[in-house]
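**Student:** I would like to see how this sequence folds:
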Amino acid sequence: MDYNKVSKDILQLVGGEENVQSVIHCMTRLRFNLYDNGKADRVKLEKMPAVMGTNISGEQFQIIIGNDVPKVYKAIIANSGLSDEKAGMKRSEGKKNVLSAIFDIISGTFTPILPAIAGAGMIKGLVALAVTFGWMSDKSQAYTILSAIGDGAFYFLPILLAVSAARKFGSNPYIAAAIGAAILHPDLTALLGSGESVSFIGLPVTAATYSSTVIPILLAVWISSYVEKWIDRITPTSLKLIFVPTLTLLVVVPATLITVGPIGAIAGNYLSVGVNGLFENAGLITMILLAGTFSLIVMTGMHYAFIPVMLNNITQNGYDYLIPAMFLANMGQAGASFAVFLRSRNKKFKSLSLTTSITALMGITEPAMYGVNMRLKKPFVSALLGAAVGGAFYGITGVAAYIIGGNVGLPGVTTFIGPTFIQAIIGIVIAFFAATIIAYLLGFEDVPSDEANAPSETRSGTVGKEIIQSPLKGEVKALSEVDDATFSGEVMGKGVAIEPEEGEVVSPVSGTITTVFQTKHALGITSGQGAEIIIHIGIDTVKLNGEYFTVHVQEGDVVEPGDQLVSFDMEAIKKAGYQLITPVIITNTERYQSIKPVKTAENVKPEEALIVLT
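**Tutor:** Residues are numbered from 1 along each chain as shown. Sure thing, here's the model as predicted:
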């Protein structure tokens with residue numbers, strides 16, 4: 001793979017470097033925060049051989065690469081003005097949905113520290129395995145040293161999180177680390193654990209344990225980001241080096257100990273109690289549902305929201321039920337992909353299916369999920385069902401994880417070392433073979449041999465003539481007249497633009513609403529004949545965050561030509577300084593031999609012919 005070329009193509013197709021707010025990567029995905037997700041060409045990205053798929057989680061634009069993601073990420077950093085240090089320093093000026101913002105913070109904070117957690121977790125598992133089989137004594141010096149290596153990342157997790165969170169919030173990571181170190185100081189830990197009444201300048205300090213916790217330090221660093229910037233703003237330049245960190249620490253650490261820390265610790269404990277209560281009172285149903293849907297949760301990227309709960313469960317209770325569900329989801333994907341290997345007659349696709357099945361068994365599921373199972377649809381459903389079958393067994397036998405591991409595949413089975421280890425292994429086998437059998441019996445439409453690696457749009461061949469009607473009243477213009485290189489350069493596809501005379505957008509086809517942007521300035525429609533259309537109202541209007549726009553449909557709605565889609569206040573948008581010229585783009589341009597405007601430089605009305613597709 002030419003990583004330099006891949007990185008440059010990806011940067012171009014996400015709307016250019018100027019559209020990138022920040023980028024990080026996890027085990028298999030590039031995670032972009034873009035200023036405008038609408039500028040990213042998902043169709044062309046997904047056709048790249050190096051890309052397995054794309055996903056939008058909250059406001060994060062994700063590109064699934066697979067095992068080569070670290071090399072692609074390094075090439076992106078090398079071929080752009082972006083950097084690791086800048087990755088978390090920029091903030092979006094737009095308003096975010098609160099839930100999306102929380103997921104984005106958790107994901108962005110945990111992703112950079114995952115290698116440390118993964119390595120430490122694997123060492124903890126191997127040490128536990130060695131002790132269980134008598135290969136090492138838990139009284140030996142080797143055990144003490146190896147345990148320190150494995151436990152260190154988890155005991156001092158608040159410090160790791162502080163550095164990562166500070167980058168996410170745009171504050172000084174070393175001040176944040178100092179906050180984490182202060183609340184973990186041995187003398188303070190001993191004082192809070194003594195059982196005596198503790199106070200600071202007359203204010204009561206609630207006893208709490210901060211080692212291995214997540215929520216307290218995230219809240220502390222979030223507050224610190226505002227305190228630090230406020231102090232920096234009012235402090236003379238010559239005094240900043242001394243006064244900013246000094247005053248920030250003096251304000252934030254006591255505030256954490258008195259209010260934020262106890263609240264975060266209590267919230268984390270209650271969250272864990274709630275989750276564990278579901279498993280203990282309705283364990284069978286809860287495990288079936290969670291295991292059967294966890295692959296869907298992974299697709300959205302929201303699985304990171306479970307990490308604080310998992311960590312709290314292990315450190316406070318000694319066991320966790322969420323990690324087993326993740327294992328089963330991965331085994332389901334592996335089993336379904338293995339069934340495709342057994343049944344497919346396409347040699348290349350058989351090889352791909354076997355490879356991705358093995359990768360999923362090792363804990364990396366995206367290649368199997370996106371490259372095989374979702375592509376064929378029925379195997380993906382089979383993977384969910386297989387995981388649910390394994391979940392039923394786990395629910396009946398009460399399987400739990402007892403060690404935080406860095407891998408939810410076969411290399412990480414040491415996380416189950418404990419009373420239910422044998423049942424855990426049996427459940428993994430059940431989930432794998434249940435998914436394999438279900439997928440084999442359900443069958444699927446095999447990939448033809450001569451088209452195995454062709455993009456889905458070209459596999460479908462050419463189509464007959466289709467008329468796209470005008471969604472607006474106004475003057476038709478060529479895309480080259482649009483003051484935005486993404487549209488004028490036809491990066492997203494071919495089409496036309498309309499200078500609107502009225503603030504109403506109607507459906508140009510009979511079809512289904514596939515995308516409604518959160519900022520309401522754009523939406524996507526797929527016609528009954530397969531044309532994929534984006535209507536983008538104005539240029540840079542994403543920055544209005546939905547103000548002056550009213551959307552009348554939602555994703556999944558079936559519409560007919562002339563149905564009202566979006567209303568917008570033309571005068572208000574113009575006064576805000578934005579152009580109203582509206583591109584109408586055919587994003588799956590490659591599907592057609594010809595895309596021709598019916599007219600240009602002329603006025604058009606809604607439901608009049610605008611574009612002819614052949």
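**Student:** Could you list the low-pLDDT ranges of the stretch 101-250 of the chain?
**Tutor:** Filtered on pLDDT under 70, the stretch 101-250 of the chain yields the residue ranges 101-104, 106-108, 111, 114, 118.
**Student:** Which stretches in it count as strands?
**Tutor:** 199-200, 203-204 (DSSP state E, counting those that start in this stretch).
**Student:** So for I231, which of the ones you listed sits nearest?
**Tutor:** strand 199-200 (19.9 Å; C-beta to C-beta). No exception for glycine: its C-beta is placed from N, CA and C like everyone else's.
**Student:** what separates that closest one from the chain centre, distance-wise?
**Tutor:** Taking C-alpha atoms, centre = their mean, to the nearest Å, one finds strand 199-200 lying 41 Å from the centre of the chain it belongs to.
**Student:** Throw the strands of the stretch 101-250 of the chain into a markdown table and include distance to A148, thanks.
**Tutor:** Formatted as a markdown table, the strands of the stretch 101-250 of the chain follow (distance: least, C-beta to C-beta, whole Å):
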| stretch | distance to A148 |
| --- | --- |
| strand 199-200 | 31 |
| strand 203-204 | 34 |
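**Student:** Next, format the ones you listed as TSV and append mean neighbour count.
**Tutor:** As requested, those are arranged in TSV below (neighbours: other C-beta atoms under 10 Å):
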stretch	mean neighbour count
strand 199-200	10
strand 203-204	12
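**Student:** immediately after the lowest-mean-pLDDT helix or strand in the chain, which helix or strand?
**Tutor:** Lowest by mean pLDDT, DSSP states H and E among the helices and strands of the chain is helix 456-459, with a mean of 38. The first helix or strand that comes after helix 456-459 along the chain, using DSSP states H and E, is strand 466-469.
**Student:** Show me what that following strand is packed up against.
**Tutor:** Applying 3 or more C-beta pairs under 8 Å, 6 or more residues apart in numbering; DSSP states H and E, one finds that strand 466-469 contacts strand 609-613.
**Student:** Give me the helices and strands touching the strand it packs on, please.
**Tutor:** Contact here means 3+ C-beta pairs under 8 Å, 6+ apart; on that basis strand 609-613 packs against strand 466-469, strand 494-500, strand 582-586, strand 595-597.
**Student:** Nearest approach to G119 belongs to which of these?
**Tutor:** Of all the helices and strands packed on strand 609-613, strand 582-586 comes closest under C-beta to C-beta, at 45.3 Å.
**Student:** still on that earlier bit, ok, which of the helices and strands packed on strand 609-613 comes nearest A116?
**Tutor:** Comparing the helices and strands packed on strand 609-613 by C-beta to C-beta, strand 582-586 comes nearest, at 43.1 Å.
**Student:** distance of G495 from V476?
**Tutor:** Distance check for G495 against V476: by C-beta to C-beta, to the nearest Å, it reads 11 Å.
**Student:** Buried deepest among the helices and strands packed on strand 609-613, which one?
**Tutor:** Stretch with highest mean neighbour count among the helices and strands packed on strand 609-613: strand 582-586 (a mean of 25; mean count of other C-beta atoms under 10 Å).
**Student:** ok, residues contacting it?
**Tutor:** Strand 582-586 has contacts (C-beta atoms under 8 Å, 6 or more residues apart in numbering) with 468, 470-472, 474, 479, 482, 484, 487, 492-500, 505, 508, 531-538, 592, 595, 610-611, 613.
**Student:** Write a PyMOL command that selects only the buried members of the residues you listed.
**Tutor:** In PyMOL, this line selects whichever of the contacts of strand 582-586 come out buried by 16 or more other C-beta atoms under 10 Å:
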select buried, resi 468+470+471+472+474+479+482+484+487+492+493+494+495+496+497+498+500+505+508+531+532+533+534+535+536+537+538+592+595+610+611+613
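**Student:** which ones are touching K605?
**Tutor:** S470, K473.
**Student:** got the CA coordinates for stretch 514-521 in PDB?
**Tutor:** In PDB, the C-alpha atoms belonging to stretch 514-521 read as follows (Å, rounded to 0.1, in the frame of the first residue of the first chain):
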ATOM      1  CA  THR A 514     -30.900   8.900   3.600                       C
ATOM      2  CA  THR A 515     -29.200  11.700   5.400                       C
ATOM      3  CA  VAL A 516     -30.400  14.800   7.300                       C
ATOM      4  CA  PHE A 517     -27.400  16.800   8.600                       C
ATOM      5  CA  GLN A 518     -27.600  18.000  12.200                       C
ATOM      6  CA  THR A 519     -27.000  21.500  11.000                       C
ATOM      7  CA  LYS A 520     -30.100  21.300   8.800                       C
ATOM      8  CA  HIS A 521     -28.300  22.900   5.800                       C
END
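**Student:** distance between that stretch and the chain's centre?
**Tutor:** On C-alpha atoms, centre = their mean, the centre of stretch 514-521 falls 18 Å from that of its chain.
**Student:** Same question for that stretch: list its buried residues.
**Tutor:** So, applying 16+ other C-beta under 10 Å, buried residues of stretch 514-521: T515, V516, F517, Q518, T519, K520, H521.
**Student:** Kindly confirm whether my reading is correct that the last one touches G546.
**Tutor:** Yes. With contact defined as C-beta atoms under 8 Å, H521 reaches G546; the gap is 7.5 Å.
**Student:** which strands and helices sit next to the host helix or strand of A383?
**Tutor:** For A383, the host element (DSSP H and E) is helix 378-397. The elements that helix 378-397 packs onto, with contact taken as 3+ C-beta pairs under 8 Å, 6+ apart, are helix 261-300, helix 322-343, helix 421-442.
**Student:** Now do the helix or strand just after the second one: distance to the chain's middle.
**Tutor:** Heading C-terminal from helix 322-343, the first helix or strand you meet, by DSSP H and E, is helix 347-361. Centroid displacement of helix 347-361 relative to its chain, using C-alpha atoms, centre = their mean, is 24 Å.
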